[in-house]
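Enquirer: Generate coordinates for the sequence data below:
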Amino acid sequence: MRLDNKKKYEESVKALDSIKKYREQNPKWYYYYGLNMARLQRNDEAIENFNEFIKRSDITTTARAQYFVGLMHFYNSDYEKALINFQLSQDVSTDASLDKLSDIQIEKSIKFRDYYENHKKTNLMLFLG
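Expert: Here you go, the predicted model:
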């Protein structure tokens, strides 16, 4: 039974912590831990665990993890890193649905990046003027 599907993320984290010693044999542990951290809005911990999963796994299985790393960077307002991860997700993905989600997030990331870059320039010009 997967506790993370029942929105019992804290309980899921506890269950994963109880089998932490086996994570070296099964890199998916990092993926599921990352998912729970993401759902608990602990973005930096989520990124760390997803990246560990990516590092320890076959590249063909990492598209979703790359997507989630992109989301965490997006939520942290780091749009450049988000773009990189969404594009990496598309590069290794074989899932059309995931590709579509990545396309949407790429567009959003570009819009947010451009807005904040232009907003900073405008504020600087007003400040100096």
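
Enquirer: alpha carbons only for contacts and neighbour counts from here, please
Expert: Will do.

Enquirer: now the helices: where do they sit in the chain?
Expert: 9-18, 28-39, 43-56, 63-75, 79-92, 96-128 (DSSP state H).

Enquirer: May I see these organised as CSV, with mean pLDDT and mean neighbour count added?
Expert: Below are those laid out as CSV (pLDDT from 0 to 100; neighbours: other CA atoms under 10 Å):
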stretch, mean pLDDT, mean neighbour count
helix 9-18, 92, 16
helix 28-39, 96, 23
helix 43-56, 98, 21
helix 63-75, 98, 25
helix 79-92, 97, 21
helix 96-128, 83, 14
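
Enquirer: Leaving aside the residues adjacent along the chain, what's closest to residue 43?
Expert: Nearest residue to residue 43, sequence neighbours excluded (CA to CA, 6 or more residues apart in numbering): residue 72, at 5.4 Å.

Enquirer: How much space separates that neighbour from residue 117?
Expert: With the distance defined as CA to CA, to the nearest Å, residue 72 ends up 20 Å from residue 117.
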